[in-house]
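**Student:** here is a sequence with its predicted model. Questions after.
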Amino acid sequence: MVESTQMSREEAERRSKAAIKVAPAKVPVRPAQVPPGAKAAPVNPNSPVKPSPAPVVKAAPVKPDPVKEPVVVILSGGMDSTTLLYDIMNRGYIPYALTVNYAQRHVKEIECAKETCKALKVTHKVIDLWQVGTELLQGSALTSDTAVPEGHYSEKAMRATVVPNRNMILLSLAIGYAISIKAKKVFYGVHTGDHTVYPDCRDVFTKAMKGAALLCDWSPIEVLALYQNIDKGDIVAKGLKLNVDYSKTWTCYKGMEKACGKCGSCVERILAFFKAKVDDPVPYEGGWAKVLNNAIELENKVKLAKGEPPVTPQKPKSVVRVADNQNPPPNVHVTTGRITNPQNKR
Ligand SMILES: [Zn+2]
């Protein structure tokens, strides 16, 4: 700039005084951006032209990065919560899994939860509430010596499997855990099939817990039930897309070496895999074909009572025989025609 040579003395004095009175604004100046590997151009100190500072860019509001957001997930080790764990990982969250031992009849489900978390490298807490289960939560077939009812979930006998206030207890622990690790969300895997028998799986209960979780502490927690309005068959279909390893899940109420295939929980699971047109990788007493037929019979009794059309085993639509096609798709069982997840072969 050469204006100083033409500036009057009065004008120069005026500018000087003004400069003294008004302190320059403190503007953060970022260093000039230099591409990686390139050297910055040397600055000539004798040059009359001063390098202009880089333009100040207003920082964009920082969006929370879901990839780094911790969340708590209640993980029983059953197929619903295990699918949910895969699901939320697929959505980019960092899950902190919580499993509770409330003196269930067996620990097979808990062992499955441990295996899954180990395989997925997920932080996993297994909390022992055995005394709570044995002393405060009795009366359920799942926490006492009462016989486990067999049959379809819709039958009244299944009410014997309700554990007193289980979901509120589990959610309370998960919400507390979330607050303590500064997470803002708790996920749990309730679905429509649970609604008939379990009051603490219904929409109205979930809504109440969502409201309570926003009020129970200085840190509001969002409770999310992603599967509230879908059934177990939909969950299996979703899980297959996520490559869920269902061999590491356990659903049977009994803790035998193989799943019984007759309790309400088994029947519902078998029908879910049937709906998704896949084999269940978990071994069953008597084999898959036998327990599947039994489950379909039970389902049809319920449908008949409701006046609904019965379900039938897969018809030729999905059957692929070797004679029909010498090179069937690798995921289709050539004799039964059932579509099989290749990763879940027994
Ligand atoms: Zn069973």
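**Tutor:** Here it is on my side, so go on. Residues are numbered from 1 along each chain as shown.

**Student:** for residue 200, grab phi and psi.
**Tutor:** Per-residue torsions, residue 200: phi -90, psi 20 (degrees, to the nearest 10).

**Student:** skipping adjacent residues, who's closest to it in space?
**Tutor:** Distance criterion C-beta to C-beta, 6 or more residues apart in numbering; nearest residue to residue 200, sequence neighbours excluded, is residue 167 at 3.8 Å. Every residue, glycine included, has its C-beta placed from N, CA and C.

**Student:** just the helices from the stretch 51-200 of the chain, written as ranges.
**Tutor:** For the stretch 51-200 of the chain, applying DSSP state H, counting those that start in this stretch gives helices covering 79-90, 108-120, 130-135, 166-180.

**Student:** cool, the stretch 201-346 of the chain as well?
**Tutor:** For the stretch 201-346 of the chain, applying DSSP H, counting those that start in this stretch gives helices covering 203-215, 232-241, 264-275, 288-306.

**Student:** columns distance to residue 187 and mean neighbour count on top of the ones you listed, output as CSV?
**Tutor:** Listed next are those as CSV, based on distance: least, C-beta to C-beta, whole Å; neighbours: other C-beta atoms under 10 Å:
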stretch, distance to residue 187, mean neighbour count
helix 203-215, 12, 15
helix 232-241, 13, 21
helix 264-275, 20, 24
helix 288-306, 28, 16
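
**Student:** want to throw those into CSV with distance to residue 157 and mean pLDDT?
**Tutor:** Formatted as CSV, the entries for these read as follows, by distance: least, C-beta to C-beta, whole Å; pLDDT from 0 to 100:
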stretch, distance to residue 157, mean pLDDT
helix 203-215, 22, 96
helix 232-241, 19, 96
helix 264-275, 8, 93
helix 288-306, 12, 90
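
**Student:** how about the ones you listed in a markdown table, adding distance to the ion?
**Tutor:** A markdown table is the format used below for the helices of the stretch 201-346 of the chain (distance: least, C-beta to the ion, whole Å):
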| stretch | distance to the ion |
| --- | --- |
| helix 203-215 | 25 |
| helix 232-241 | 14 |
| helix 264-275 | 3 |
| helix 288-306 | 9 |
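
**Student:** contact partners for the residue nearest to residue 200?
**Tutor:** 188, 190, 198, 200, 201, 205, 209 (C-beta atoms under 8 Å, 6 or more residues apart in numbering).

**Student:** which of the helices of the stretch 201-346 of the chain sits closest to residue 88?
**Tutor:** Of all the helices of the stretch 201-346 of the chain, helix 232-241 sits nearest to residue 88, with 12.0 Å by C-beta to C-beta.

**Student:** can you list the domains in this structure?
**Tutor:** 66-151+162-251, 318-346 (automatic domain parsing).

**Student:** what's the most buried one of those?
**Tutor:** Ranked by mean neighbour count under mean count of other C-beta atoms under 10 Å, the domains of the chain are led by domain 66-151+162-251, which reaches a mean of 19.

**Student:** related to what we said a few turns ago, among the domains of the chain, which gets the worst mean confidence?
**Tutor:** Here the lowest mean pLDDT among those goes to domain 318-346, at a mean of 35.

**Student:** isn't residue 85 right up against residue 116?
**Tutor:** Yes - look at residue 85 against residue 116 with C-beta atoms under 8 Å: they come within range, at 6.7 Å.

**Student:** which neighbours do those two share?
**Tutor:** Shared between the contact lists of residue 85 and residue 116 (criterion: C-beta under 8 Å, 6+ apart) are residues 75, 122.

**Student:** quick one: which of the contacts of residue 167 is nearest residue 255?
**Tutor:** residue 198 (20.4 Å).

**Student:** which residue packs closest to the closest one, ignoring adjacent ones?
**Tutor:** Spatially, and ignoring its direct neighbours in sequence, residue 198 is nearest to residue 162 (5.9 Å; C-beta to C-beta, 6+ apart).

**Student:** residue contacts, the one you found?
**Tutor:** Neighbours of residue 162 in contact, by C-beta under 8 Å, 6+ apart: 140, 197, 198, 199.

**Student:** state the distance from the closest residue to the first one other than its chain neighbours to residue 136.
**Tutor:** On the basis of C-beta to C-beta, 6+ apart, the spatially nearest residue to residue 140 that is not a chain neighbour turns out to be residue 163, at 4.5 Å. Residue 163 sits 10 Å away from residue 136, taking C-beta to C-beta, to the nearest Å as the criterion.

**Student:** what of residue 251?
**Tutor:** Counting by C-beta to C-beta, the separation of residue 251 from residue 136 is 25 Å.

**Student:** one more: residue 122?
**Tutor:** The spacing between residue 122 and residue 136, counted by C-beta to C-beta, is 29 Å.

**Student:** in its sheet, what does the top strand by length along the chain sit against?
**Tutor:** Counting by DSSP state E, the longest strand found in the chain is strand 94-101. Strand 94-101 pairs in its sheet with strand 70-74 (parallel), strand 123-128 (parallel), by DSSP bridges.

**Student:** which non-adjacent residue is nearest the residue of the stretch 101-250 of the chain found nearest the ion?
**Tutor:** Across the stretch 101-250 of the chain, no residue is closer to the ion than residue 148, which sits at 7.4 Å (C-beta to the ion). Residue nearest to residue 148 in three dimensions, not counting chain neighbours: residue 253, with 4.6 Å by C-beta to C-beta, 6+ apart.

**Student:** residues contacting the one you found?
**Tutor:** 105, 141, 142, 148, 161, 260, 263, 264, 265, 266.
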